[in-house]
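>>> All I have is the shape, not the residue letters:
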């Protein structure tokens, strides 16, 4: 294969990868609203293409419910100072999310307060600026 043919092959591969990167819509989240969740980290999934925080939060009746919070991928999180052990099971945290439009227990990550008070993310960032989300805080 000539150098020119290799170049065309590389371009073809790159063009097919672009749709895979841009496949995800955030329309399921209500970017006009924020919700504050206080609870306990059940699991932190450091995975591609999106990382997840699974937390247990008590509802208005005091019953424990699981929430799933979608974040960006590990590369973007690492650029913001995250590591796979930033969150560990049992941590008490306060998380700010854009909730799911359908009312289910989930949302798009905006920010989190760690047990020592450290803020990760930005509760006032523009949408998608925060490793999976952000936006004006308007509970």
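Good, I have the coordinates. Remember, it's a predicted structure, so these values are computed and weren't measured experimentally.

>>> Would you mark the buried spots in stretch 31-41?
31, 33-34, 37, 39, 41 (16 or more other Cβ atoms under 10 Å). Every C-beta, even on glycine, is put in place using the N, C-alpha and C of the backbone.

>>> correction: stretch 56-72
57, 67-72.

>>> now do stretch 84-91
Neighbour counts using 16+ other Cβ under 10 Å place 86-87, 91 of stretch 84-91 among the buried residues.

>>> Take the residues you listed and keep only those in helices.
If you go by DSSP state H, those have nothing in helices.

>>> Is it possible to get JSON lines of the residues you listed that adds distance to residue 120 and pLDDT?
Below are those laid out as JSON lines (distance: Cβ to Cβ, whole Å; pLDDT from 0 to 100):
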{"residue": "86", "distance to residue 120": "7", "pLDDT": "97"}
{"residue": "87", "distance to residue 120": "9", "pLDDT": "98"}
{"residue": "91", "distance to residue 120": "12", "pLDDT": "98"}
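
>>> which one of the residues you listed sits closest to residue 52?
The closest of those to residue 52 turns out to be residue 87 (Cβ to Cβ; 10.3 Å).

>>> Using the three-state scheme, assign the nearest residue to the closest one once chain neighbours are set aside.
Closest residue in space to residue 87, ignoring its immediate chain neighbours: residue 44 at 3.9 Å, by Cβ to Cβ, 6 or more residues apart in numbering. Judged by DSSP: H, G, I helix; E, B strand; the rest coil, the three-state class of residue 44 is strand.

>>> swap in the one 3 residues further on?
Using three-state DSSP, the three-state assignment for residue 47 comes out as coil.

>>> from what I can see residue 115 touches residue 88, true?
No. Look at residue 115 against residue 88 with Cβ atoms under 8 Å: they stay out of range, at 10.0 Å.

>>> Present the buried residues of stretch 31-41 as CSV; the columns should include distance to residue 63 and secondary structure.
Output for the buried residues of stretch 31-41, formatted as CSV (distance: Cβ to Cβ, whole Å; DSSP: H, G, I helix; E, B strand; the rest coil):
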residue, distance to residue 63, secondary structure
31, 28, coil
33, 23, coil
34, 23, coil
37, 14, strand
39, 12, strand
41, 18, strand
